[in-house]
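J.: coordinates for the following, if possible.
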Amino acid sequence: MTTEPLVLVATDTEMGWAGVALSNGGIRYATLFHRSEQSARGELGAFGARPGEHALAQRAAQLLRDYACGLPADIETFPVDLPECTAMQRKIWLALRDIPRGETRSYGWLARYVGEPHAPRAIGAAVGANPIPLWLPCHRVVAADGSLHGFGGGLAMKSALLELEGALPKRMLAEEWRRVAVAGAEGRVGRVGRNRPVLLCGIASVGDSRLAACRERPLRGATTDEKKRAPLREPVWWLGLRRLVRPCCARSS
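T.: Have a look, this model is predicted:
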């Protein structure tokens, strides 16, 4: 049995490097945003994708750049060619495209939507195994109380994507982004201000799928409750850095 060749497409965007592996039918695999071209290409290469020519390559790359700028890129309508999967996985993955941009849905809603209300674990497992993130927007699925749960790219990435789409209010003011970005660029990820270790706290507003605020708390002296309310431990500085360098791309056209 011969394996269909996959064409590797990677591009630099306002949120980092991202790409897709294209088959004759559309996107077979996709990445989230990476800090480097090598990392994005490495993920796609692991699926067997190699550089080459494809009729959809330029369109896919442009859609990624537009999306990362906050432009109304119609990534949800781009053709996909799912890898081998079960009938339930296929049904769940394609249903993700029915969640409108700027909105979120719960796992329970998704289970009912695909006609599997009594299979919440299968729903969660399928969402977590989504092979084409962004294009099949699994980041729009949240917990029943509106809080953010597991995501392959980390909770900081999930939050950033929902903010970009307008489903969440902006988590950080520009000055806060700048401080975190500078700290990360200097190799001090997680340390801002007077070089203090901090918790980047996303405070979930229960029931309405929004993050109400983001503030820093010193690790030393923080209460147990404060630590529990600070799930965002990923190095989010690089996402903010790109959005600060060219913050007006969505308004320049």
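J.: in three-state terms, label residue 58 for me.
T.: Of the three states, residue 58 takes helix under DSSP: H, G, I helix; E, B strand; the rest coil.
J.: and it, how many residues sit next to it?
T.: Using other CB atoms under 10 Å, residue 58 has 11 neighbouring residues. Backbone N, C-alpha and C define where each C-beta goes, glycine included.
J.: what about the chain, any weak spots by pLDDT?
T.: Along the chain, segments meeting pLDDT under 70 span 1-2, 170-253.
J.: helices of that one, start to end?
T.: 37-45, 57-69, 87-95, 107-113, 120-128, 155-165, 174-185, 224-228, 237-245 (DSSP state H).
J.: surely residue 70 meets residue 164?
T.: Yes - applying CB atoms under 8 Å, one finds residue 70 in contact with residue 164, separated by 5.7 Å.
J.: between the two, which one's more packed in?
T.: Using other CB under 10 Å, the more surrounded residue of residue 70 and residue 164 is residue 164, with 22 against 18.
J.: residues contacting that one?
T.: Listed by CB atoms under 8 Å, 6 or more residues apart in numbering, the contact set of residue 164 reads 15, 67, 68, 70.
J.: ignoring the adjacent residues along the chain, who's closest to the second one?
T.: Going back to what we said before, that points to residue 67. residue 73 (4.1 Å; CB to CB, 6 or more residues apart in numbering).
J.: touching, the one you found and residue 59? I think so.
T.: No - Residue 73 is beyond contact range of residue 59, at 10.2 Å (criterion: CB under 8 Å).
J.: so which of these two has more stuff around it?
T.: residue 73 (18 against 12).
J.: so who does residue 24 touch?
T.: 4, 81.
J.: next, it: phi, psi?
T.: phi -60, psi -20 (degrees, to the nearest 10).
J.: how much space separates it from residue 152?
T.: Per CB to CB, to the nearest Å, residue 24 is found 26 Å from residue 152.
J.: again, but for residue 129
T.: Applying CB to CB to residue 129 and residue 152 gives a distance of 9 Å.
J.: just residue 23 next, same as before
T.: Using CB to CB, we find residue 23 at a distance of 21 Å from residue 152.
J.: which of the two has more residues huddled nearby?
T.: residue 23 (21 against 15).
J.: this completes my enquiry, with thanks.
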